[in-house]
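Novice: Show me the folded form of this:
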Amino acid sequence: AVFATALFATSPYLIWYSQEARYITLMIVSTLLTIYAFHRLIFHRGFACWLAYGSTALLALFSFVSTLLLSVVQGVYLLLSPSRGPLLRKWIVCQVVVFTLFAWWFVNGTHFWQTFVEIKASREQTFINNPKLFPFSGEFNNVRPAVIPYSFFALSTGFSLGPSPRELYADRTFAPLVSYVPVLFILCTLYGGLVLSGLLALRSQQDAGMFLILWVGVPILGVFGIAKLLNVFYDVRYVAMVLPAYVLVLAAGIARFRRLGVQLLLLGAVLTVHGVALANYYTNPRYAREDTRSAGQFLETAVGPHDIVLVVGTVSSLPHYYKGTLPLTNLSSLDGADQPLTERLRKVSANHDRLWLVQIRPWQVDRAGRVKTGLDGAYRLVEQQHFPGVDVYGYQIAQ
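Specialist: Numbers count the residues shown, from 1 in each chain. Below you'll find the predicted structure:
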């Protein structure tokens, strides 16, 4: 418990996402609450335990839809535990109630069901290519099995050791890994050895070991399978609910060694990796989070009343920081999807003095950089500003 607490509290993966006002940390908290309530349910089974479990399971579903796989984890665990047959039947009834409440909210409280009905009534659209249902779908994703080991790499060291996310997205081959082979070898040896040691340690605790293996394996394989089947975007944040279980396996691997000196040496090695990763995160611009705040403040002072701002990539964060009066134009919202990109850019920039191109994770929608290339060929670049993870370019349109 002490080792797991130390690893969890210093986890670069957890700290990275703890600084986002999004669903990831809520998903981790609700996962822990659900697993804790499930554990109490197994050993107590009173009405209060069922109420607590149902409430936390519903909260987990509200946090993010991929937590549906936690129910699969718990159901498979009960199926593989013959002595808990009576509990399984009651658990199924509880799940029916939880899913009914969630389905009612999903239909009446979100836009997904309405979009689903609209697509079904229209023959011009498909489910996969609709941005309201699947924001990142199509050929770009081409989900590969390599995302599975990368998920464990991210859970271990976050996103600030080895190749940065920008490097991996820019070149989706093994080329970005070549220069990091020594570091990757050390990390794979350390964390792979601890995982193997943890699995060996859990052999003597078959019940807990089986549950932890299911908790780690089912969400990662399930999210990968769904992404592969639907050809939609796979991101390691979708499997954030496995982080506590993964940390517990690492902690079991450390605790398996009986000598305190060996335990402290292994714990110190992992904490050192965490420290280096966090130091890179806070001091190395290559690994820094996108500085959307500074980009928004720059636009407020640079943009004129007859300009236009075109955002390519992630569009959700910039409106939060940009307080100017000029609206932001999303590349994905441009009309004329059947027209050449250059023609679409000319249409959107017509009757404006300048066009400001803001790129935040542009690989999500324009991996080849066609937008900037088209603007470079059509207009004169008059200004550019670069912030960590955000590039701003100003083009003169009016002659």
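
Novice: quick one, helices of the stretch 1-150 of the chain?
Specialist: Counting by DSSP state H, counting those that start in this stretch, the stretch 1-150 of the chain has helices at residues 2-9, 12-18, 24-43, 47-63, 68-79, 85-109, 112-121, 147-157.

Novice: so V72 touches L221, yeah?
Specialist: No. The pair formed by V72 and L221 falls short of the contact definition of Cβ atoms under 8 Å, at 10.2 Å. All C-beta atoms are positioned from the backbone trio N, CA, C, and that covers glycine.

Novice: Any chance of the backbone angles for L161?
Specialist: phi -130, psi 140 (degrees, to the nearest 10).

Novice: go on, V312?
Specialist: Torsion angles at V312 (phi, psi; degrees, to the nearest 10) stand at phi -120, psi 120.

Novice: number of nearby residues for it?
Specialist: For V312, the tally of surrounding residues (other Cβ atoms under 10 Å) stands at 24.

Novice: I'd like the distance between Y322 and A52.
Specialist: According to Cβ to Cβ, to the nearest Å, Y322 stands 43 Å off from A52.

Novice: Tell me where the model's unsure across the protein.
Specialist: For the chain, the stretches with pLDDT under 70 are 111, 113, 115-142, 335-338, 398-399.

Novice: In it, what residue spans correspond to strands?
Specialist: Secondary structure of the chain by DSSP state E: the strands cover 308-313, 328-330, 354-360, 380-387, 390-396.

Novice: which residues sit against the third one?
Specialist: The contact list for strand 354-360 (Cβ atoms under 8 Å, 6 or more residues apart in numbering) reads 290, 292, 295, 299, 302-304, 306-315, 317-318, 328, 348-349, 371-372, 375, 379, 382, 389-398.

Novice: out of those residues, which are buried?
Specialist: By neighbour count, with 16 or more other Cβ atoms under 10 Å, these hold 290, 292, 295, 299, 302-303, 307-315, 317-318, 328, 348-349, 371-372, 375, 379, 389-395, 397 as buried.

Novice: For L61, give me its contacts.
Specialist: L61 neighbours (Cβ under 8 Å, 6+ apart): T67, L68, V98, F102.

Novice: could you redo the last one with a cut-off of 7 Å?
Specialist: L61 sits next to T67, L68, F102 when contact means Cβ atoms under 7 Å, 6 or more residues apart in numbering.

Novice: Out of the residues you listed, who's the most crowded?
Specialist: T67 (23 neighbours).

Novice: quick one: that residue and L58 touch, right?
Specialist: No. Using Cβ atoms under 7 Å, T67 makes no contact with L58, being 10.1 Å away.

Novice: about what we covered before: looking at the helices of the stretch 1-150 of the chain, which is nearest to A240?
Specialist: A240 lies closest, by Cβ to Cβ, to one member of those: helix 24-43, at 5.0 Å.

Novice: Now tell me what touches that closest one from outside.
Specialist: Contacts for helix 24-43 (Cβ under 7 Å, 6+ apart): 17-18, 49-50, 52-53, 56-57, 59-60, 63-64, 67, 70, 74, 84, 87, 237, 240-241, 243-244.

Novice: And those, which of them are buried?
Specialist: With burial judged by 16+ other Cβ under 10 Å, the buried subset of those is 17, 49-50, 52-53, 56-57, 59-60, 63-64, 67, 70, 74, 237, 240-241, 243-244.

Novice: check contacts around the most centrally placed residue in the chain.
Specialist: The centre of the chain sits closest to R237, judged by Cα atoms, centre = their mean, with a distance of 2.3 Å. By Cβ under 7 Å, 6+ apart, the residues touching R237 are Y17, I24.

Novice: Same question for H352.
Specialist: Neighbouring residues of H352 by Cβ under 7 Å, 6+ apart: H306, D307, I308, I397.

Novice: Let's have these in TSV, adding distance to A37.
Specialist: Listed next are those as TSV, based on distance: Cβ to Cβ, whole Å:
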residue	distance to A37
H306	58
D307	54
I308	51
I397	59
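
Novice: For R367, what are phi and psi?
Specialist: Phi and psi for R367, reported as degrees, to the nearest 10, are phi -60, psi -30.

Novice: burial measure for it, as a count.
Specialist: Using other Cβ under 10 Å, R367 has 12 other residues around it.

Novice: Report the separation between it and G158.
Specialist: Distance, R367 to G158, by Cβ to Cβ: 23 Å.

Novice: same check, this time on F211
Specialist: 26 Å.

Novice: ok, back up a step: generate TSV for the helices of the stretch 1-150 of the chain, with distance to T283 as supplementary columns.
Specialist: Output for the helices of the stretch 1-150 of the chain, formatted as TSV (distance: least, Cβ to Cβ, whole Å):
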stretch	distance to T283
helix 2-9	20
helix 12-18	13
helix 24-43	23
helix 47-63	32
helix 68-79	36
helix 85-109	43
helix 112-121	41
helix 147-157	16
